[in-house]
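In: Here's a sequence, model it:
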Amino acid sequence: MAATLKTVTLGCKVNQYETEFVREGLVSIGYRDAGPDEQADLCIVNTCTVTQEGDSKSRRVIRRLARDNPHSRIVVMGCYATRAPDEVAHLPQVAEVVTDKRELPDLLGRFGVVDIPSGISGFGNRHRAYVKVQDGCLLRCSYCIIPQVRPQMASRPMPPILDEVRRLHRNGYREIVLTGVHLGHYGVDWNANKPKHEWTRLANLVEEIVKLDGDFRIRLSSIEATEVTRELLRVMRDHRDRICPHLHICLQSGSDRILRRMRRRWGARMFVDRCGMVADALDRPALTTDIIVGFPGETEADFEASCQVAREVGFSKVHVFPFSGRRGTPAADFADQLPKPVKSARANHLIQLEAGLRRRYFQQLAGMPLRVLVEGVDPDSPAHLIGTSCRYAPVVFRSSEDVEGTLVDVTAGQPSGDRLTATVGHLTT
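Out: The predicted structure follows:
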């Protein structure tokens, strides 16, 4: 009887990819996924350490798996395992702690996997798949722990990435999300001592992927403002039917004073100008971002500067994070920490502002052709299907056909709550 396996992933898209990589390797030698009420012989936990809550949640997951699977071996990997391996090793039933993601092929080898996969072939029951193309971050933002646990910059060679995309497309995935710990630094580790005209960058990779045959599209995950280059925008413009006109560009604050304390690499005006460059190059692109509110020393004027940048750019979505000091980072030890009620109030204010910006952006899309990845039946209205448009807007529409998992052309209607309504097909003018 085949050994049973359970996997649990906390944190980012890169973690989700790496869990699937390990899972597929184990399945290849006979493991099978345990059912919902079935005990597992082996549990894999991929942990997160971005926040202290991430550490706590990782510990809770491990303890719960040990309780529910009393005869299981538990293997723990991920950023929390890297940061605190001894702490993790003392949790119940933990048999192995993987402290470096570069050791994943070795981990599979220890379980008996001879043919180590070069990538993944599926992504569970989702209709989009993440493809990790890069690892490591060399930046030293004062609030972030990740450069301490993933410091080694490493870009994947293009051939295995292209093979992986082909394989995922053959297996039915119609949206490929390129991701990395620092996606915009793809290729940077190869470029030292090379003349600039020989550099390999993210734009080169994207251009190679869009040359592949097949009905699929590419979406880029989080990127920094300085990495939104004219070359990348040229590729996105020239292949607008294959590359989603959506960029998630991390702001964190609209105050130059706070950006300096965060050790970010640019000021607010440069960020706004780069977003303007995107808007000039692409037709009504979706611009999304992250903003931290209540950073140590943030004044009302600093917070208003963040709100003003959000208005000026016109983000379609803002991930709002009340500052939470991460032990081991400089910002956690700053003396001028803000009280929780102030951070909560500012977060609520920005969330309300974001809702208005989101609705305004959706209204700009009315009458526009959109391509939607259909993800299933709308749970709030079984007569409708729901999916994600190329511009990252959730879309609901009626269809008499079974089109789940496919890309469907629709015409955008008016916003309905936090979604767009749409009709199948393009209007002719």
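In: which residues does Q364 contact?
Out: The neighbours of Q364, taking CB atoms under 8 Å, 6 or more residues apart in numbering as the test, are R284. (Each C-beta comes from the backbone N, C-alpha and C, glycine too.)
In: after the helix or strand bottoming out on mean pLDDT in the chain comes which helix or strand?
Out: One helix or strand of the chain scores below all others by mean pLDDT, DSSP states H and E: helix 146-149, with a mean of 91. Using DSSP states H and E, the helix or strand that follows helix 146-149 in sequence is strand 154-155.
In: Show me what that next one is packed up against.
Out: In this structure, strand 154-155 packs against strand 128-135, with contacts taken as 3 or more CB pairs under 8 Å, 6 or more residues apart in numbering; DSSP states H and E.
In: Pull up the pairing partners for the strand it packs on, direction included.
Out: Sheet pairing of strand 128-135 (DSSP bridges) gives strand 154-155 (antiparallel), strand 175-180 (parallel).
In: Other residues contacting the last one?
Out: Among residues not part of strand 175-180, those counted as contacts by CB under 8 Å, 6+ apart are 12-14, 17, 127-135, 165, 168-169, 186, 202, 205-206, 209, 216-222, 244, 373, 388, 407.
In: try the first one
Out: For strand 154-155, the external contacting residues (CB under 8 Å, 6+ apart) are R102, V133, Q134, D135, G136, H185, Y186, G187, V188, D189, W190, T200.
In: I'd say the first one and P151 touch.
Out: What that stands for is R102. No: the criterion here is CB atoms under 8 Å, and R102 misses it with P151 at 11.6 Å.
In: joint contacts of these two?
Out: Residues touching both R102 and P151 by CB under 8 Å, 6+ apart: none at all.
In: Run the chain-centre distance for the least confident helix or strand of the chain.
Out: Centroid separation for helix 146-149 versus its chain: 17 Å, with CA atoms, centre = their mean, to the nearest Å.
In: Show me what that helix is packed against.
Out: Under the contact rule (3+ CB pairs under 8 Å, 6+ apart), helix 146-149 is packed against helix 79-83.
In: mean confidence for the helix it packs on?
Out: Averaged over helix 79-83, pLDDT sits at 94.
In: List the buried residues of the longest helix seen in the chain.
Out: Longest helix in the chain by number of residues (criterion: DSSP state H): helix 340-364. Judged by neighbour count (16 or more other CB atoms under 10 Å), helix 340-364 contains these buried residues: K343, R346, A347, L350, L353, E354, L357, R358, Y361, F362.
In: Leaving out sequence neighbours, find the closest residue to the last one.
Out: Read that as F362. Excluding its sequence neighbours, the residue lying closest to F362 (CB to CB, 6 or more residues apart in numbering) is P415, at 4.1 Å.
In: Report how many residues lie close to the one you found.
Out: For P415, the count of nearby residues is 18 (other CB atoms under 10 Å).
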